[in-house]
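Colleague: next one to model:
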Amino acid sequence: MDSMPMAPQAKPNSTAPWSDLWPDLALVIFLIGFDVAARLVWHTPGVSPVAASALFAGLMLRRRALAPVVPLAALLISDAISGFYHWQVMAVVYAALTLPAMAGILTRHLRASRVVVPTVLACSLIFFVTTNFAVWAWSGIYSADTAGLIQCYAMGLPFLKYTVAGDLFWAAVLFGGASLVQWLVQRLTARTGALAS
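Modeller: Next up, the predicted model:
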């Protein structure tokens with residue numbers, strides 16, 4: 001039995017009325033607020049729910065086009081408050097943290113229990129590789145040669161374990177929480193149905 005929450009079924013080009021959008025909009029607003037709060041409150045460097053919430057949005061939102069909005073808006077709002085940094089590095093960070101949303105959209109036809117962990121691990125590694133390369137290429141911190149690139153990855157390596165652990169933890173929180181809510185709703189619906197009959 002798949003204990004992961006079921007992704008909503010919707011036609012790819014659904015033209016449902018705006019009244020049908022409110023669950024998606026509520027989830028988008030919640031995830032953005034959650035991500036912004038988590039990024040602004042003190043936390044272990046490299047541990048953030050943005051990647052996990054992007055994947056969650058990609059798998060769970062009926063309107064797939066809204067999924068990339070979650071990480072992009074969360075990053076933009078929190079960076080506007082805490083301070084922007086080198087724009088090329090920032091662009092790579094934004095792209096790398098939008099990737100889980102796209103992965104969620106592309107894999108939503110598969111069972112979530114088979115998708116979440118491999119996708120989180122792959123996206124964590126892609127984030128590590130791309131963002132460290134961006135820091136080496138544009139920050140000016142490291143020498144612009146192979147030795148500088150190796151040094152950049154070596155300095156970033158201790159943070160990789162926090163990124164992976166954080167992405168897995170937040171994915172467990174989001175998908176586990178959604179499973180719990182779905183289970184409670186099913187129990188409540190069954191109990192209400194039994195009382196009505």
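Colleague: tally of neighbours for the closest residue to Arg39 other than its chain neighbours?
Modeller: Spatial nearest neighbour of Arg39, excluding adjacent residues (C-beta to C-beta, 6 or more residues apart in numbering): Ser78 at 4.1 Å. Backbone N, C-alpha and C define where each C-beta goes, glycine included. Using other C-beta atoms under 10 Å, Ser78 has 19 other residues around it.
Colleague: what mean pLDDT does stretch 106-121 have?
Modeller: Average pLDDT, stretch 106-121: 92.
Colleague: buried stuff in that stretch?
Modeller: Neighbour-count burial for stretch 106-121, with 16 or more other C-beta atoms under 10 Å as criterion, is recorded at Thr107, Arg108, Ala112, Val115, Val116, Thr119, Val120.
Colleague: quick one: it to chain centroid distance?
Modeller: Computed by C-alpha atoms, centre = their mean, to the nearest Å, the chain-centroid distance of stretch 106-121 equals 12 Å.
Colleague: same check on stretch 139-151?
Modeller: With C-alpha atoms, centre = their mean, you get 29 Å for stretch 139-151.
Colleague: and the contacts of it?
Modeller: With contacts defined as C-beta atoms under 8 Å, 6 or more residues apart in numbering, stretch 139-151 is touched by His86, Val89, Phe133, Val135, Trp136, Ala137, Cys152.
Colleague: please report the distance of the residue lying closest to Leu168 once chain neighbours are set aside from Phe30.
Modeller: Distance criterion C-beta to C-beta, 6+ apart; nearest residue to Leu168, sequence neighbours excluded, is Val120 at 5.7 Å. From Val120 across to Phe30, the span is 20 Å (C-beta to C-beta, to the nearest Å).
Colleague: what does stretch 29-41 contact?
Modeller: Everything outside stretch 29-41 that qualifies as a contact, by C-beta under 8 Å, 6+ apart, is 48-50, 53, 56-57, 69-71, 73-75, 77-78, 81-82.
Colleague: let's see that stretch as CSV, backbone CA atoms only.
Modeller: Output of stretch 29-41 as CSV, limited to C-alpha atoms (Å, rounded to 0.1, in the frame of the first residue of the first chain):
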residue,chain,number,x,y,z
ILE,A,29,0.7,30.7,-0.5
PHE,A,30,1.3,28.3,2.4
LEU,A,31,4.4,26.8,0.9
ILE,A,32,5.9,30.2,0.0
GLY,A,33,5.2,31.6,3.5
PHE,A,34,6.7,28.4,5.0
ASP,A,35,9.8,28.6,2.9
VAL,A,36,10.3,32.3,3.5
ALA,A,37,9.9,31.9,7.3
ALA,A,38,12.3,29.0,7.3
ARG,A,39,15.0,30.8,5.3
LEU,A,40,14.8,33.9,7.5
VAL,A,41,14.8,32.2,10.8
